[in-house]
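K.L.:
only geometry, no sequence info:
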């Protein structure tokens, strides 16, 4: 997306990151003891850049997003680390201060456009209330802003849709309305939590294109969460691969797909169907994700890893650097 | 929407007419008629007089014909004459209806004002201390028979402490006083009956608000509302409660009618001059005209409240359309 990002080492030296996550830890206290859904995750996102976070269900990618928003519900809580948004540590803010960050500087769009909008309020009311919350403006100006946003996301006859209820729109239109709402207060950072998973493929492509266009227009930083490698390769500049709440590998998108170093990343890429090639069976990763309380002490991928060593079971793998921005947490990388 | 409401009103009227016929026939099956009571109170009456009286009152006609007569006089605004009170039913019922209306509405409003905030607080921390405490008292409230509670309230607050009157509707001889003095006086008499009538409602509404609110808070759009940076109060009221309102409407609307007819026990215990007590007395005294009209009013209340609930749904939930 951002052409300037072809040389990440240059980028790292010259620009401050918009979002900087350091050693983030989120813990859920369960009956079987505390369980770390996010375990020591660190990453940076620069202006105009998209970081894709990819992983299987339950790997902690959504929990990471909610931790950044500080919307983790009890019995979970962010138990450690720092989250900087434009050099301000969000974890140190009071709830009141955090409220003005949410939906303002930092916005989020969700997976299910069907249920993420309130069925008893009109689209207009729902966008207005966010605009009124973050911008000093009158009801009239808020309405004008809402209609402007609706037309910006490509909703036909936005003035009419302003008065529509969510059930009167199609799934794709609802997701567009969601995006209009999220972007209504000019966020610098957008978290997209599987925004296209619930949509069919053609609508999915339209929504991805829309997000990319708007990102360029507003120079937003985006954290894009998905389990779909195809989507990731299309939208993100850099990718973070998560497994069992931990980071496996992070690299520029091209680099990650061409030279995966972590056995899990490699396995994910090779289990993807290839366009044009006919195979009888897709490759799979043997075994299944261990339950939270069964995670090995060392590398979470240990029990499924073809390259596992003895130390993988008990020790956490060190982070190994393979060139600019390419980090891998593994004892025995490819 | 308008055609829907009109259609429902017509349906409601038909049901009221059918039910009033059923009640009329059941009442006709009751042993004894007004003339028999006259016989017992006047030993000098002759059999010729009895036949004449029966003809005069139309009591020799079959039930369906008598029903027709009753309806046609009703349509002219004549509700008949109360045999026991010796006044037209209209004069008797008017103030009684008003009293019951005041009692049941006061009880309803009171229980909602108490129960909704408690139910919401309960839903915010399910399993917490407050929730367990409220759970216990809600079930106790639902289970306590209202007549027993009424008697207990009289014993404690009227007999032992003497804070409130043990019964009645207003102080006698206050007719000349200012309007505020009279309102204050009626309120004073209302406290114990309203309390006794509300306890069950409070228990039921706390439970119901709690579950409706918990259901609403589980929705994805609550997370969206929080992600928009809305303050907690806006998330709670504008988003969660607004959705919890939809199931609440049914329960409240149906409760209004049941409070109205359920007031009979409370009114009897507190000798409160309402319709409930009137119905009770009129059945005991075989006061046909009064009982009949009161029944029809009770039935109409239930049906009208159902209708009101259905119409309110349309306003509370935009997904329901009546076209």
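P.N.:
That came through fine. No experiment lies behind these values; they were computed from the predicted model shown.
K.L.:
Can you list phi and psi of residue A:56 for me?
P.N.:
phi -70, psi 170 (degrees, to the nearest 10).
K.L.:
mind checking pLDDT for it?
P.N.:
Note on residue A:56: pLDDT of 86.
K.L.:
List the contacts of it.
P.N.:
The contact partners of residue A:56, by C-beta atoms under 8 Å, 6 or more residues apart in numbering or on different chains, come to A:227, A:243, A:289. Every residue, glycine included, has its C-beta placed from N, CA and C.
K.L.:
mind running it again at 6 Å?
P.N.:
By C-beta atoms under 6 Å, 6 or more residues apart in numbering or on different chains, the residues touching residue A:56 are residue A:289.
K.L.:
What's the separation between it and chain B?
P.N.:
Using C-beta to the nearest C-beta, to the nearest Å, residue A:56 is found at 21 Å from chain B.
K.L.:
again, but for residue A:97
P.N.:
Residue A:97 is 10 Å from chain B, by C-beta to the nearest C-beta.
K.L.:
all strands of the stretch 51-200 of chain A, in order?
P.N.:
Under the criterion DSSP state E, counting those that start in this stretch, strands of the stretch 51-200 of chain A are mapped to A:76-85, A:88-89, A:106-109, A:189-193.
K.L.:
which helices and strands sit right next to the third one?
P.N.:
When you say that, I think you mean strand A:106-109. In terms of contacts (3 or more C-beta pairs under 6 Å, 6 or more residues apart in numbering or on different chains; DSSP states H and E), strand A:106-109 is packed against helix A:171-183, strand A:189-193.
K.L.:
Distance to chain B for those - can I get that in CSV?
P.N.:
Below are the helices and strands packed on strand A:106-109 laid out as CSV (distance: least, C-beta to the nearest C-beta, whole Å):
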stretch, distance to chain B
helix A:171-183, 7
strand A:189-193, 9
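K.L.:
Now mean pLDDT and mean neighbour count too, for the ones you listed, in a markdown table please.
P.N.:
Converted to a markdown table, the helices and strands packed on strand A:106-109 look like this (pLDDT from 0 to 100; neighbours: other C-beta atoms under 10 Å in any protein chain shown):
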| stretch | mean pLDDT | mean neighbour count |
| --- | --- | --- |
| helix A:171-183 | 91 | 25 |
| strand A:189-193 | 93 | 24 |
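K.L.:
Show me the one of the ones you listed that comes nearest residue B:312.
P.N.:
Relative to residue B:312, the nearest member of those by C-beta to C-beta is helix A:171-183, separated by 26.6 Å.
K.L.:
Specify the local secondary structure of residue A:240.
P.N.:
Following DSSP: H, G, I helix; E, B strand; the rest coil, we place residue A:240 in the strand state.
K.L.:
How many neighbouring residues does residue A:144 have?
P.N.:
By the criterion of other C-beta atoms under 10 Å in any protein chain shown, residue A:144 has 13 neighbours.
K.L.:
on that earlier part again, out of the strands of the stretch 51-200 of chain A, which one sits most buried?
P.N.:
strand A:106-109 (a mean of 27; mean count of other C-beta atoms under 10 Å in any protein chain shown).
K.L.:
now it: mean pLDDT?
P.N.:
Average pLDDT, strand A:106-109: 92.
K.L.:
again with stretch B:52-63
P.N.:
79.
K.L.:
buried residues in that stretch?
P.N.:
B:53, B:54 (16 or more other C-beta atoms under 10 Å in any protein chain shown).
K.L.:
Mind listing residues that contact that stretch?
P.N.:
With C-beta under 6 Å, 6+ apart, stretch B:52-63 has contacts from B:25, B:28, B:33, B:35, B:66, B:69.
K.L.:
The same query, at a cut-off of 10 Å, please.
P.N.:
With contacts defined as C-beta atoms under 10 Å, 6 or more residues apart in numbering or on different chains, stretch B:52-63 is touched by B:21, B:24-29, B:33-36, B:38-39, B:45-46, B:49-51, B:65-70.
K.L.:
Are any of the residues you listed buried, and if so which?
P.N.:
Using 16+ other C-beta under 10 Å as the burial test, the contacts of stretch B:52-63 include B:21, B:24, B:27, B:35, B:66, B:67, B:70 as buried.
K.L.:
which one of the residues you listed is nearest chain A?
P.N.:
residue B:21 (41.2 Å; C-beta to the nearest C-beta).
K.L.:
And the helix or strand where the closest one lies, what does it pack against?
P.N.:
Mapping residue B:21 onto the secondary structure by DSSP states H and E places it in helix B:2-29. Other helices and strands packing on helix B:2-29, by 3 or more C-beta pairs under 10 Å, 6 or more residues apart in numbering or on different chains; DSSP states H and E, are helix B:63-75, helix B:288-316.
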